[in-house]
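Novice: sequence plus predicted model, see below.
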Amino acid sequence: MLKRIIYLMIVLTYSAFAQYERPGSTTAQFLKIDVSARGAGMAGAYIAVVEGAEGVYYNPAIIADVEGTDVALNHNVWFAGISHEFMSVAHRFGRYGSFALSVTGLYTDEMKVRTPLQPDGTGETFYAGNYRIGLTYARKLTNRVNFGGTVNYINLSLYQGFYQEAFTIDISANYNAGYRDWRFGLAILNFGQSVTFVNEEYPMPTLFIFGMSINALEFSNYKLKVSGSGRKPNDGPPLGQVGTELNFKDAFFIRGGYNIGHKVARYAFGTGMKLNFGTGYNLRVDYAYNDFSALGAAHRFGIGFSF
């Protein structure tokens, strides 16, 4: 079974990346933006680190490890007054596996309609937004291997009556070696339909991502996790990310990371806190700062809870 899954992912990868390095040739660029404050604090080196409901965006297979119900809410203060939101709920149904529902949105503030004859505005206003709704399923193939996938509905709305719709799929596999939380992740994300604006056809920003993480140091009061990932988009060159997370008593976290090969995104850092209320209830709060060179910085805030 595992061999068939790997073969399927190789075939999809070949299909997705037959077009190599064509900047600006894909649409729905919001699908490339990190939704997790924890993951962004590690510069996106997150595929082999992610846990809980956030896994639907980075590594759908990981939700097979959810015990009970997990909820994730994240807000990203993006550039030029643009907001980026993410919400996901995951639940495990015993031996039947885990299901999750997620919503991602990128939308602008209210904008004026302007024309060449009325550059100060016509009196009309509009909003532009991109949205993704996903349904995820994952299950354990063995006690160390998970497999999962997501079916996504994409809506790209630029103006009243001017929008496009598409469906995409994500598939991933996750392996835990059982030693110092040594994990490997492999995923193909945003594989699906192209959309047409005016007379031009644009494919989705398909990504092939792999990565690993391990607790490089483990002591009674703290752990130091290191992670790395590589990604190949279908419209650009390969990119790399490295990240670290210092875990103090599984309650306080300090994170940092760096992007390799990216022309704009550079370093990142973040922090987090986890409160355990006993009987399986816990609350997570995270913050991340990401430097984007001349564009400025992005600030992400996340909250999650499980029960």
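Specialist: Sure thing, it's come through.

Novice: just the mean pLDDT for stretch 299-307, thanks.
Specialist: Confidence for stretch 299-307, expressed as mean pLDDT, is 95.

Novice: buried stuff in that stretch?
Specialist: By 16 or more other C-beta atoms under 10 Å, the buried positions in stretch 299-307 come out as 300, 302, 304-306. All C-beta spots, glycine's among them, are computed from the backbone N, C-alpha and C.

Novice: and residue 123, how far from residue 113?
Specialist: Look at residue 123 and residue 113: by C-beta to C-beta, to the nearest Å, they are 8 Å apart.

Novice: now residue 181
Specialist: Using C-beta to C-beta, residue 181 is found at 53 Å from residue 113.

Novice: before we move on, the earlier item: more neighbours: residue 123 and residue 113, which one.
Specialist: Shown here are residue 123 and residue 113; by other C-beta atoms under 10 Å, residue 113 has more neighbours (13 against 8).

Novice: that one and residue 128, how far apart?
Specialist: Counting by C-beta to C-beta, the gap from residue 113 to residue 128 is 12 Å.

Novice: got the CA positions of whatever helix or strand residue 257 lives in in CSV?
Specialist: Assigned by DSSP states H and E, residue 257 belongs to strand 252-260. Provided in CSV are the C-alpha atoms of strand 252-260 (Å, rounded to 0.1, in the frame of the first residue of the first chain):
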residue,chain,number,x,y,z
PHE,A,252,6.9,28.2,26.6
PHE,A,253,8.4,28.3,23.1
ILE,A,254,10.9,30.5,21.2
ARG,A,255,11.3,30.0,17.5
GLY,A,256,13.5,31.2,14.6
GLY,A,257,14.1,30.4,11.0
TYR,A,258,15.5,31.4,7.7
ASN,A,259,14.5,31.2,4.0
ILE,A,260,17.0,29.9,1.5
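
Novice: now find how far off-centre it is within its chain.
Specialist: 16 Å (C-alpha atoms, centre = their mean, to the nearest Å).

Novice: for that strand, packing partners?
Specialist: If contacts are counted by 3 or more C-beta pairs under 8 Å, 6 or more residues apart in numbering; DSSP states H and E, strand 252-260 sits against helix 37-41, strand 239-248, strand 267-278.

Novice: so the helix or strand following the last one versus strand 252-260, what angle?
Specialist: Spelled out, that is strand 267-278. Per DSSP H and E, the first helix or strand lying C-terminal to strand 267-278 is strand 281-291. Strand 281-291 and strand 252-260 are oriented at 40 degrees to each other (axes from the mean of the first three to the mean of the last three C-alpha atoms, to 10 degrees).

Novice: what about strand 281-291, average pLDDT?
Specialist: pLDDT averaged over strand 281-291 gives 96.

Novice: ok, now stretch 49-68?
Specialist: 96.

Novice: list the buried residues of that stretch.
Specialist: For stretch 49-68, by 16+ other C-beta under 10 Å, it's 49-66.

Novice: and the closest residue to residue 231 other than its chain neighbours, what element?
Specialist: Nearest non-adjacent residue to residue 231, counting by C-beta to C-beta, 6 or more residues apart in numbering: residue 209, 4.5 Å away. In this structure, residue 209 sits in strand 207-218 according to DSSP H and E.

Novice: just how off-centre is that strand within its chain?
Specialist: In terms of C-alpha atoms, centre = their mean, the centre of strand 207-218 is set 15 Å apart from its chain centre.

Novice: what's the angle from that strand to strand 239-248?
Specialist: 30 degrees.

Novice: what is strand 207-218 packed up against?
Specialist: Applying 3+ C-beta pairs under 8 Å, 6+ apart, one finds that strand 207-218 contacts strand 183-192, strand 222-233.

Novice: most packed of those strands?
Specialist: Ranked by average neighbour count under the criterion mean count of other C-beta atoms under 10 Å, these are headed by strand 183-192 at a mean of 23.

Novice: ok now that strand, how far from the chain's centre?
Specialist: For strand 183-192, the distance to the chain centre is 10 Å (C-alpha atoms, centre = their mean).

Novice: go on, stretch 35-42?
Specialist: For stretch 35-42, the distance from its own C-alpha centre to the chain's C-alpha centre is 9 Å (C-alpha atoms, centre = their mean).

Novice: swap in stretch 134-149?
Specialist: Centre-to-centre, stretch 134-149 and its host chain are 17 Å apart (C-alpha atoms, centre = their mean).

Novice: hmm, back to that, mind listing what's buried along the strand holding residue 209?
Specialist: Of the residues in strand 207-218, 207-215 count as buried by neighbour count, 16+ other C-beta under 10 Å.

Novice: I'd guessed residue 206 sits against residue 191; true?
Specialist: Yes - contact status for residue 206 versus residue 191: in contact at 5.1 Å, counting by C-beta atoms under 8 Å.
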